[in-house]
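Student: Fold the following for me, if possible:
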Amino acid sequence: MLPEFGNVLLFFVIGALFVAIALFAAKLIRPHRPNAIKLSTYECGEIPIGTARVQFNNRFYIIGLMFLIFEVEILLLFPWAMVFKELGWVAFGAMFVFVFLIFIGFAYELGKGQLKWDKPVPAVPRYVEGIGVVDGEHPDMGLSAMMPEPEMDVTK
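Tutor: Have a look, this model is predicted:
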């Protein structure tokens with residue numbers, strides 16, 4: 001006989017196999033006739049303009065991650081607050097350390113400027129072969145300006 005959770009594991013394995021077999025069979029059976037209309041962007045009955053690829057700002061992800069971090073902190077603080085009287089000062093110290101570490105992380109993000117929405121984006125110069133520098137200096141110019149001049153001994 002299977003151990004305690006063997007039945008659950010067997011259920012998940014059989015379920016995963018069933019899903020994999022169903023997806024594979026659907027891929028084999030389905031008709032595949034791509035054309036320009038099927039591959040175009042769906043615009044709710046309107047004529048599509050441009051492509052569907054939109055480049056999102058990375059700051060949305062930073063704000064989302066910080067929201068999740070503080071949401072988890074709140075989820076951990078609620079049960080602690082409910083049983084604070086029974087747990088005593090040891091639990092208070094542990095929760096103080098937890099909140100302090102979260103605060104340090106928030107101060108670090110604030111200090112690095114990750115929460116500034118309108119921080120400037122540095123322009124990257126482009127070098128086009130045959131034309132030269134398009135937007136500013138040649139990319140190698142910044143590195144060579146930081147390098148010290150080589151010392152040559154001409155007396156030998």
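Student: can you give me the helices in the protein?
Tutor: With DSSP state H as the criterion, the chain has helices at 6-29, 36-39, 59-82, 84-87, 89-111, 139-146.
Student: Out of those helices, the one nearest G50 is which?
Tutor: Among the helices of the chain, helix 36-39 comes nearest to G50, with 14.4 Å by C-beta to C-beta. Quick note: C-beta positions are derived from backbone N, CA and C, even for glycine.
Student: I'd like the helices of the chain as a markdown table, with mean pLDDT, distance to G50 and mean neighbour count appended.
Tutor: Converted to a markdown table, the helices of the chain look like this (pLDDT from 0 to 100; distance: least, C-beta to C-beta, whole Å; neighbours: other C-beta atoms under 10 Å):
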| stretch | mean pLDDT | distance to G50 | mean neighbour count |
| --- | --- | --- | --- |
| helix 6-29 | 95 | 30 | 10 |
| helix 36-39 | 78 | 14 | 7 |
| helix 59-82 | 85 | 21 | 11 |
| helix 84-87 | 84 | 56 | 10 |
| helix 89-111 | 88 | 34 | 12 |
| helix 139-146 | 49 | 30 | 9 |
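Student: quick one: which of these is nearest D118?
Tutor: helix 59-82 (9.6 Å).
Student: now the closest one, how far from the chain's geometric center?
Tutor: The gap between where helix 59-82 is centred and where its chain is centred comes out at 17 Å by C-alpha atoms, centre = their mean, to the nearest Å.
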